[in-house]
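Student: need a structure here:
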Amino acid sequence: MSVEGKFLSKEINDLFWREGLTLVTAESCTAGSVAAAITAVAGSSHFFKGGIIAYSNEIKENLLGVNHGTLETHGAVSEETVIEMVKGAMKSMNSDCAVATSGIAGPTGGTPDKPVGTIWIAAGCKDKVITLKLEGDEGRNKNIANATQNALQLLRNLSSNCRIICKNSCFIQIKVLILHSV
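Tutor: Residues are numbered from 1 along each chain as shown. Next up is the predicted model:
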């Protein structure tokens, strides 16, 4: 993990510990690296409940409650899917907050509409979700590392009432959605 990743993990640990919030992960393309980064900091057991590696659509549907229609219409690598992954993770693991990733890490699997390096990330807390889309292929390992780092940054942007602390940068897309039911 990078030095910045260690600092982010520590900030997340401090934030969730201080606010008394619980956190879970639902990871596809990052395959547990977000959870590993979070739990690399001592004390994470006070707020981190666990995670689901949802590499297949079957797991996304059956364990996270992602709607089959969402996967058919938008695909696994979509904003709609990561939002449903976050909502499903919070519900199935009874948590205040969650982070989800789904993307095409490469080196294969890309399409003209969703090339290798396309990764969607969502972080949610209570009734709000922040989404982020990464684009650009830097090789499988770097794509996964970038997704992990950005997932941590998204988590840092959540506070106990889910306000965004920092603004989006020019190379990523961030949206805030207010969910009416989680």
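Student: where does the chain have low pLDDT?
Tutor: 159-182 (pLDDT under 70).
Student: try it again with 50
Tutor: 160-173, 176, 178-182 (pLDDT under 50).
Student: Against Arg18, how distant is Ser45?
Tutor: According to Cβ to Cβ, to the nearest Å, Ser45 stands 16 Å off from Arg18. All C-beta atoms are positioned from the backbone trio N, CA, C, and that covers glycine.
Student: try Ile130
Tutor: 20 Å.
Student: who's more crowded, the two?
Tutor: Ile130 (23 against 11; other Cβ atoms under 10 Å).
Student: Next, give phi and psi for that one.
Tutor: Main-chain dihedrals, Ile130, degrees, to the nearest 10: phi -110, psi 130.
Student: cool, and the one 5 residues further on?
Tutor: Backbone torsions of Glu135, given as degrees, to the nearest 10, read phi -140, psi 150.
Student: What residues does it make contact with?
Tutor: With contact set as Cβ atoms under 8 Å, 6 or more residues apart in numbering, Glu135 has these partners: 115, 117-119.
Student: Can you name the residues that contact the spatially most central residue of the chain?
Tutor: Ranked by distance to the mean C-alpha position of the chain (Cα atoms, centre = their mean), the top residue is Ala100 at 2.7 Å. By Cβ under 8 Å, 6+ apart, Ala100 lies in contact with 25-28, 82, 85-86, 89, 121-123.
Student: and these, which two are the farthest apart?
Tutor: Pairwise distances across these (Cβ to Cβ) peak at 14.7 Å, for the pair Ser28 and Ala123.
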